[in-house]
Every structure is written in structure tokens, then in C-alpha cells.
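*Asks:* got a sequence here, can you build the structure:
(2 chains)
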Amino acid sequence: MGDVGHYLAMGGYAAFVWPAYGTALAVLGGLAWHSWRRYRASTEALEKLQREFRPRR
Amino acid sequence: MINWLANPARFMRFSAAVLRWFGWATVAVLVVGLYLALVVAPPDYQQGESVRIMYVHVPAAWMALSVYLFIAVASGTALVWRHPLAEIAAGAAAPIGAAFTFVCLTSGSLWGRPMWGTWWVWDARLTSVLVLFFLYLGYIALVNAFDEPGRGAKAGSVLALVGVVNLPIIKFSVDWWNTLHQPASVMRLGGPRIDPSMLVPLLVMAVGFLLLFLSLLLVGMQAALNERKALALRLNSMPAPGRVAGREHPMPAQSPVR
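*Replies:* I've put the predicted structure just below:
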């Protein structure tokens, strides 16, 4: 426990190191999540349209 | 290779095939990079553990500049050769570049507080990077300000090319003006001036960020292509005048096609 606490304290710079990594993770992870959702939604919408507008036999 | 991929249909198939590999490679390299940066790399003899912020800050800054350069080249290609894939690439890269720039600014601020004693100074480097961030936001706003995707992309391309003048200002600001921000340690004439124990984690993180950019770029381009295709499909299925319809101005109710 002491070791983990010592590590997390980052030599007294914990208040700067962890927020820096946290912001990066939140911003880049959030962008990745959003991009993936937009990709999935656009694929589904396109497939739906392609089914609708397929010429009738 | 570029010419071969310039066909949107071929690009879609290629990008769908490689996307999975890019995604996993990104995760793997970033996990290794974070382990090296947060555990293996030694503390700095002057800055202590706060130097670990460098492994996020510096790669993010490199990507902030590189992605803008990518957008400018793609915009130039889109303007000169009018290739739709080039403007789609530029448009998809912009939010990623803005995110990297934001990460660069916040991590830099969090590093500046303990090391310089201030969150922010209006020096040349910090101010020019802030301008870069606003250029990204302006580009994104401009591209999305038109109903017709092609017109927005054209206006955005011009803005992106004009904004290129900011890149050398950022790069050389630390040499031209002597302020708080330190000059380059890695990308300098005469080779990097940084110990391998810190250089290796830095480069691994940089490769991870580059892979992340490429993965997100492919995902974003696929989404934009899907959306354009869907729009074209909707317009083509409209009766005669068809072309004027956009999302914001739907055609008046009409009888079904044919």
C-alpha cells in the first residue's frame, strides 16, 4: 500500500501529472468514442436508405 | 498507391480492411508507451516526476502541427485537383488536430504551473499554439456552415492554406523569441539532446499518437463518405428539380417517386 501511495504521489507532483494524463485520456478517448458512434450510425443509415431506394422488381 | 486509393469505392474497401489492424496497433503501442512513460522512465534530476507530463505534451504538440500540415496539403489538393476524397480527408482530420492541440495546451499548462510558477504566459510559443487551436475551430465551423458539403469544404480549404503561415511561427518561436518555453530538444540540427531512457518512451508515445490519428482519420473519412452517399441517394430519389433539396430545406410534400 505504501508503495502504491508513494507511486501515486508522483514525488509531490500528483496534482499536475495525473490531470495531464486524465485530460488527454478524456479528450482523445471521447473523440474516439464519438467518431466510432458516428461511423456506425452513418453506416446503418446508408444501408437503410439503400434498401428503401432499391428499384422494385 | 495514392492514385490507386483516390477512387472512393476502392478507398472504402481498403480502409475497412485495415481499420481493425490500425485500431489494435494503436491500443497496443499506447499501452506500452504509457507503461514506459509512467513506470519505466526515470524522474528528471531537476524536474522530478513532473517530467512525465512531457510524454503527453510533446507528442500532442507534434501531432497538433503535423495534422494541420496534413489538412493544408489535403486542402491544396482539393482546391487544385478538385478531388472529393482530399476535402473529406481534411475535414475528418480537423477535429483530431483540435483535440491534440487542446491536449497540448492543457498538459503544458499543468506542467508550467509547478515548473515556471504560472499556468500561462502570453509568450510567442504559447500564443501561437493557441492561435492554432482557434484556426482548427474556425476551420471546423466554416466547413459545417454550409448546407452543401462541397461549398463548406472549399471555403475551409482556403482558410486552412492561409493558416499555414502560423506553422513556422510556432516551430521557430522558441528560437526567435527567448521566453519561458524551452527550445527544441529532439527535432534539432545535430540530433536529439535528450537521454535514451527518456527519448524511447517519448518516441513510443509519438508513434501511438500517430497511429491514433490514422485510425480516427479512417473512421472519420468513412463516416463522411457514408453521409455524402446517403445525401446523394436522397437527392437522386427526389422528383425532377431534386438538386435544391438539402437537409435544412426539405422539398414540399410530393407524391412518391414514379
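*Asks:* and the stretch 151-258 of chain B, which of its residues are near chain A?
*Replies:* Within the stretch 151-258 of chain B, the positions lying close to chain A (CB under 8 Å from any CB of the partner chain) are B:212, B:215-216, B:219-220, B:222-224, B:226-227, B:229-230, B:233-234, B:236-237. In short, each C-beta sits where N, CA and C put it, glycine included.
*Asks:* residue contacts, residue 36?
*Replies:* Because you didn't say which chain, this covers chain A. For residue A:36, the set of contacting residues under the criterion of CB atoms under 8 Å, 6 or more residues apart in numbering or on different chains consists of residue B:219.
*Asks:* could you do chain B instead?
*Replies:* Residue B:36 makes contact with B:55, B:200, B:201, B:204, B:205 under the criterion CB under 8 Å, 6+ apart.
*Asks:* just give me the closest of those residues to residue A:49.
*Replies:* For those, the minimum distance to residue A:49 (CB to CB) is 41.2 Å, reached by residue B:205.
*Asks:* run through chain A and note the low-pLDDT ranges.
*Replies:* Residues of chain A that meet the criterion pLDDT under 70 lie in A:1, A:55-57.
*Asks:* for the stretch 51-200 of chain B, what spans make up the helices?
*Replies:* Across the stretch 51-200 of chain B, reading from the start of the chain, the helices by DSSP state H, counting those that start in this stretch fall at B:54-81, B:84-116, B:124-143, B:149-163, B:166-176, B:196-236.
*Asks:* scratch that, chain A
*Replies:* Counting by DSSP state H, chain A forms helices over residues A:2-9, A:14-52, given from the N-terminal end onward.
*Asks:* residue B:214: neighbour count?
*Replies:* One way to gauge burial is a neighbour count; for residue B:214, by other CB atoms under 10 Å in any protein chain shown, it gives 17.
*Asks:* so which strand or helix has the closest residue to it other than its chain neighbours?
*Replies:* Taking CB to CB, 6 or more residues apart in numbering or on different chains as the measure, residue B:214 lies nearest to residue B:22, with 5.6 Å between them; neighbours along the chain are not counted. Following DSSP states H and E, the helix or strand that holds residue B:22 is helix B:8-35.
*Asks:* and that helix, what does it pack onto?
*Replies:* Of the remaining helices and strands, those touching helix B:8-35 by 3 or more CB pairs under 8 Å, 6 or more residues apart in numbering or on different chains; DSSP states H and E are helix B:2-5, helix B:84-116, helix B:196-236.
*Asks:* tell me which of those lies nearest to residue B:67.
*Replies:* helix B:84-116 (3.4 Å).
*Asks:* packing partners for that closest one?
*Replies:* Looks like helix B:84-116 contacts helix A:14-52, helix B:8-35, helix B:54-81, helix B:124-143, helix B:149-163, helix B:196-236 (3+ CB pairs under 8 Å, 6+ apart).
*Asks:* make TSV out of these and add distance to residue B:112.
*Replies:* Converted to TSV, the helices and strands packed on helix B:84-116 look like this (distance: least, CB to CB, whole Å):
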stretch	distance to residue B:112
helix A:14-52	9
helix B:8-35	22
helix B:54-81	10
helix B:124-143	8
helix B:149-163	25
helix B:196-236	19
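*Asks:* dump the helices of the stretch 51-200 of chain B into a markdown table; add mean pLDDT as well.
*Replies:* Written out in a markdown table, the entries for the helices of the stretch 51-200 of chain B read as follows (pLDDT from 0 to 100):
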| stretch | mean pLDDT |
| --- | --- |
| helix B:54-81 | 95 |
| helix B:84-116 | 94 |
| helix B:124-143 | 93 |
| helix B:149-163 | 88 |
| helix B:166-176 | 86 |
| helix B:196-236 | 93 |
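*Asks:* in a markdown table, list those helices along with distance to residue A:19.
*Replies:* Formatted as a markdown table, the entries for these read as follows, by distance: least, CB to CB, whole Å:
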| stretch | distance to residue A:19 |
| --- | --- |
| helix B:54-81 | 11 |
| helix B:84-116 | 6 |
| helix B:124-143 | 18 |
| helix B:149-163 | 29 |
| helix B:166-176 | 24 |
| helix B:196-236 | 17 |
